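[1] Prediction below, plus the sequence it came from.
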Amino acid sequence: MMIIDFSKQYLRLKAIADERHQQKKQFKSCKQLSPNYEVVGVIGEYITGQYLNEEPNFELLIDGDSGIDFSNEVNVKASEHFKAKHLIEDIDKKVYPENYLFVIVNLINKTGYLAGWISAKEFFEKSEIINFGYGDRYAILLTELHPIDTYPPYIHQKKQVRKLFKNSNEITNKMCQFDAEMRANKIAYLEQTINELKKYNYEPTINH
């Protein structure tokens, strides 16, 4: 799991979110589902861009975007830390992506991570229609998402690493370093999560 620190980018991302919010007050096609809806969404796109090594398009569009956030047919869904249980989607979209990525955003610590992914085909096969207070939505539990390290671009990154090194020892060392960094990030996130839970007098149980 790769933890992204967006603290140095927060003010810029907040300004983009505020611009989007002002636009959405003028056009009926836009929705405001929660107080932090816009800033969490913008940060989710930024985190995904860091992961995919691709700049998100933050351009303001009068008609909104098409539901496709990146060039490889991805739609990013994001939620605040500890709040989301479902990945939800509108039922009246004209265009749907090939894949959904779900991002967890921690506005307190200014960090976030990609929590999982699912193809649109599988999403619609498994989803049900639920009204969370904002009208009917397609919804699926986050537990149905696939681990992010099985997402095709992640696997592609590992293949690219292998191509860069002809010597087998170099490949082994590089891949060990790559996986060690992933494990270290996961441990760091678990420690961060435990500390946050303790603030609420909740002692989590971690199964090793």
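    Alright, I've got the coordinates.
[2] residues contacting the nearest residue to Glu73 once chain neighbours are set aside?
    Leaving aside its chain neighbours, Glu73 sits nearest to Glu98 (3.7 Å; criterion: Cβ to Cβ, 6 or more residues apart in numbering). In short, each C-beta sits where N, CA and C put it, glycine included. Neighbouring residues of Glu98 by Cβ atoms under 8 Å, 6 or more residues apart in numbering: Asn72, Glu73, Val74, Ser119, Ala120.
[3] are any of those buried, and which?
    Buried members of those, scored by 16 or more other Cβ atoms under 10 Å, are Val74, Ala120.
[4] Which helix or strand lies directly C-terminal to the helix or strand harbouring Glu19?
    Using DSSP states H and E, Glu19 sits in helix 10-24. For helix 10-24, the following helix or strand on the C-terminal side (DSSP H and E) is helix 37-52.
[5] pLDDT value on the residue nearest to Glu73, please?
    In this prediction, Glu98 carries a pLDDT score of 88.
[6] Kindly report the same for Gln9.
    93.
[7] Now it: closest residue in space that isn't a chain neighbour?
    Nearest to Gln9 is Tyr46, by Cβ to Cβ, 6+ apart, at 6.4 Å.
[8] now that neighbour: how far from Glu125?
    30 Å (Cβ to Cβ, to the nearest Å).
[9] do Phe102 as well
    Here Phe102 is placed at a distance of 17 Å from Glu125 (Cβ to Cβ).
[10] Same drill for these two, tell me which one is more crowded.
    Phe102 (22 against 10; other Cβ atoms under 10 Å).
[11] residues contacting that one?
    By Cβ under 8 Å, 6+ apart, Phe102 lies in contact with Val76, Lys77, Ala78, Ser79, Ala84, Leu87, Leu114, Ala115, Gly116, Trp117, Leu142, Leu145.
[12] next one: Leu141
    If you count contacts by Cβ under 8 Å, 6+ apart, then Leu141 has Lys85, His86 around it.
[13] With the one 3 residues further on instead?
    By Cβ under 8 Å, 6+ apart, the contact list for Glu144 reads Ile118, Lys126.
[14] Apply 6 Å and report the result again.
    Residues in contact with Glu144 (Cβ atoms under 6 Å, 6 or more residues apart in numbering) are Lys126.
[15] likewise Asn106?
    Neighbouring residues of Asn106 by Cβ under 6 Å, 6+ apart: His81.
[16] sec struct for Ile104, please.
    For Ile104, the assignment made with DSSP: H, G, I helix; E, B strand; the rest coil gives strand.
[17] Residue numbering should commence at 694 henceforth.
    Sure thing, new numbering starts at 694, so read that last one as Ile797.
[18] Leaving out sequence neighbours, find the closest residue to it.
    Ala808 (4.8 Å).
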